[in-house]
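Novice: With the input below, show me the fold.
(chains A, B, C and D)
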Protein chains: 2
Amino acid sequence: MSPRYVDREKKRQKIVRAALALFSRQGYAATSVGCIAIEAEVGKGTIYEYFSTKGDILVAAVMEWIRKLEMRYLKHLETIEDPVERLKAFVEMSMDLVDPLDQGTARLSIDVLQHTLLQSGALYKRRHLMKEIHTGMRKMVINILLEGISSGAFRPEVAREAEKIAINLLGYLDGISLHYLISENDFDIREQIRFSLQNVIRMIAADPAAGTDSVSATPGF
Amino acid sequence: MSPRYVDREKKRQKIVRAALALFSRQGYAATSVGCIAIEAEVGKGTIYEYFSTKGDILVAAVMEWIRKLEMRYLKHLETIEDPVERLKAFVEMSMDLVDPLDQGTARLSIDVLQHTLLQSGALYKRRHLMKEIHTGMRKMVINILLEGISSGAFRPEVAREAEKIAINLLGYLDGISLHYLISENDFDIREQIRFSLQNVIRMIAADPAAGTDSVSATPGF
DNA sequence: GCGCAAACCGACTGATGGGTCAGTTCCGGC
DNA sequence: GCCGGAACTGACCCATCAGTCGGTTTGCGC
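Specialist: Just a heads-up that it's a prediction; the model follows:
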């Protein structure tokens, strides 16, 4: 009575990773459980030893994806001292997700949206997870702002509006990225974001000149 | 030899409307052609007298949806003279699509995104249509800006950046709306947009006081 | 009222794919 | 070496649904 040993957590990971790869390549709907099994090099039945429904695989895959992204953000940001540069870095990382036109990110995002908003979606009953992710990102931005205030880089009054600024910034980044994906190369997303960020920084910076190079008096969003 | 007469265009409309209602209520994937037939009060076979695939129905429904939206925008905007008010009205209309938490709009938008971005999507081969829609909206905003400049409400330098401003504004509106739908009531979208718009207006207005009520010196996005 | 073709219909088909389960393999302990 | 049970497997089951097709209804012209 000593059963065969196997690192279940590791195998689970393998399945999740395979699923994530396929979801981002083909989308959730177009990926069958059989496909995932092949990609993960296990039998289809085995999948169901680790997950009870296809939807559960999606949930696990999405959490894995987000977790990695967050780690990347945090790791990169903590190497940067200057608050203004930090804010720029944050924005740039978001851009990097889509700018070398990466439809994988888009496909994942859209599947997440769909399954969060549809009653029949796999994430619908776990909307709180999505909320928490947003809250996490929001806190990241708020932190940058508050630390910028502490260091004197941003104006103290910013504190009062930090949350609003964060919410708007995150909304903007997602929105412009989506539009970019649809419009393909119709506009230069980096220039758009630079333009926008420049204005944000000019508004929140203690030193009005902080708005980087070529600070024309151009108005902006 | 005189066949039975029927207003094909009208019946087609009926099907499209039924489909649109169901798509916005349940999403495209969860809506079967049989369902559409019932909602439209026709036989399933009849549907295929008017459309050759389910995807074609989606295309028609989306175009109908957008057409109506655009009409509503144009009709409402032309009643407003003042450029600042016009810009505000434009933004407010966008908000009205989601604020009394309307997930129908979201479901439609997401289906559109999905089918535009996925190779297997019904709109993939007609991405140009989606682009054109974006271009149309963009032109609407640019027009407001340019007319505002003509009338002296906005600063002349705005002209140079009008397109960038429009692109960013539209991206922002879509993004913040999506976040709002996911976060449910986590933030006050109207306040967020008011905050953002206030700053935009302050930047582009010729008269710095145009930024409406309570123009604190708060920075913003 | 009759002929005819357009319009309509819903039962049927074929394919797809999520989920199951009976059987097999594997491994550690004795 | 053989027992037990966990781990694994893929053929199978079954629900769903897009799309088809043979048959029916409708209403205009004569």
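Novice: Next, the contact list for A:V33, please.
Specialist: A:44, A:47, A:54, A:57 (Cβ atoms under 8 Å, 6 or more residues apart in numbering or on different chains). Heads up, the C-betas are built off the backbone N, CA and C, glycines and all.
Novice: What about the last one, how many residues nearby?
Specialist: Neighbour count of A:I57, defined by other Cβ atoms under 10 Å in any protein chain shown: 26.
Novice: ok, A:S151 to chain B distance?
Specialist: A:S151 sits 16 Å away from chain B, going by Cβ to the nearest Cβ, to the nearest Å.
Novice: pretty sure that residue is touching A:P83, no?
Specialist: Yes. Counting by Cβ atoms under 8 Å, A:S151 does reach A:P83; the two are 5.8 Å apart.
Novice: Please indicate which of the contacts of A:V33 are buried?
Specialist: A:47, A:54, A:57 (16 or more other Cβ atoms under 10 Å in any protein chain shown).
Novice: Under the pLDDT cut-off, which ranges of chain A? List them.
Specialist: Low-confidence segments of chain A, defined by pLDDT under 70: A:1-3, A:208-221.
Novice: mind giving me the domain ranges of it?
Specialist: Taking automatic domain parsing as the criterion, chain A consists of the domains A:7-52, A:60-210.
Novice: Just put the contacts of A:V33 in CSV and tack on secondary structure.
Specialist: Shown next, in CSV, are the contacts of A:V33 (DSSP: H, G, I helix; E, B strand; the rest coil):
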residue, secondary structure
A:K44, helix
A:I47, helix
A:K54, helix
A:I57, helix
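Novice: hmm, who's touching the strand or helix carrying A:A19?
Specialist: Assigned by DSSP states H and E, A:A19 falls within helix A:8-26. Contacts to helix A:8-26, defined as Cβ under 8 Å, 6+ apart, come from residues A:31, A:35-36, A:39-42, A:46-47, A:50-51, A:57-58, A:60-61, A:64-65, A:104-105, A:107-108, A:111, B:118, B:120.
Novice: what about it, near DNA strand C?
Specialist: No. Figure legend: helix A:8-26 not in contact with DNA strand C (Cβ under 7 Å from any atom of the strand); closest approach 9.7 Å.
Novice: picking up where we left off before, so which of the contacts of helix A:8-26 belong to helices?
Specialist: Judged by DSSP state H, the subset of those located in helices is A:35-36, A:39-40, A:46-47, A:50, A:57-58, A:60-61, A:64-65, A:104-105, A:107-108, A:111.
Novice: now do the same end-to-end measure for stretch A:25-33.
Specialist: Terminal residues of stretch A:25-33 are spaced 15 Å apart (Cα to Cα, to the nearest Å).
Novice: and the helix ranked longest in chain A, what other elements does it pack with?
Specialist: Identified as the longest helix of chain A according to DSSP H is helix A:158-183. Under the contact definition 3 or more Cβ pairs under 8 Å, 6 or more residues apart in numbering or on different chains; DSSP states H and E, helix A:158-183 sits against helix A:83-96, helix A:103-117, helix A:127-150, helix A:189-204, helix B:103-117, helix B:127-150, helix B:158-183, helix B:189-204.
Novice: Now do the second one against helix B:158-183, angle only.
Specialist: This means helix A:103-117. With axes from the mean of the first three to the mean of the last three Cα atoms, to 10 degrees defining the directions, helix A:103-117 sits at 50 degrees from helix B:158-183.
Novice: I'd like the distance from helix A:103-117 to the chain centre, please.
Specialist: Remark: helix A:103-117 is offset 11 Å from the chain centroid, using Cα atoms, centre = their mean, to the nearest Å.
Novice: when you scan that helix, is anything in it near DNA strand C?
Specialist: No. Using Cβ under 7 Å from any atom of the strand, helix A:103-117 never reaches DNA strand C; the gap is at least 12.7 Å.
Novice: Just the buried ones among the ones in helices among the contacts of helix A:8-26, please.
Specialist: Among the ones in helices among the contacts of helix A:8-26, those buried by neighbour count (16+ other Cβ under 10 Å) are A:36, A:39-40, A:47, A:50, A:57-58, A:60-61, A:65, A:104-105, A:107-108, A:111.
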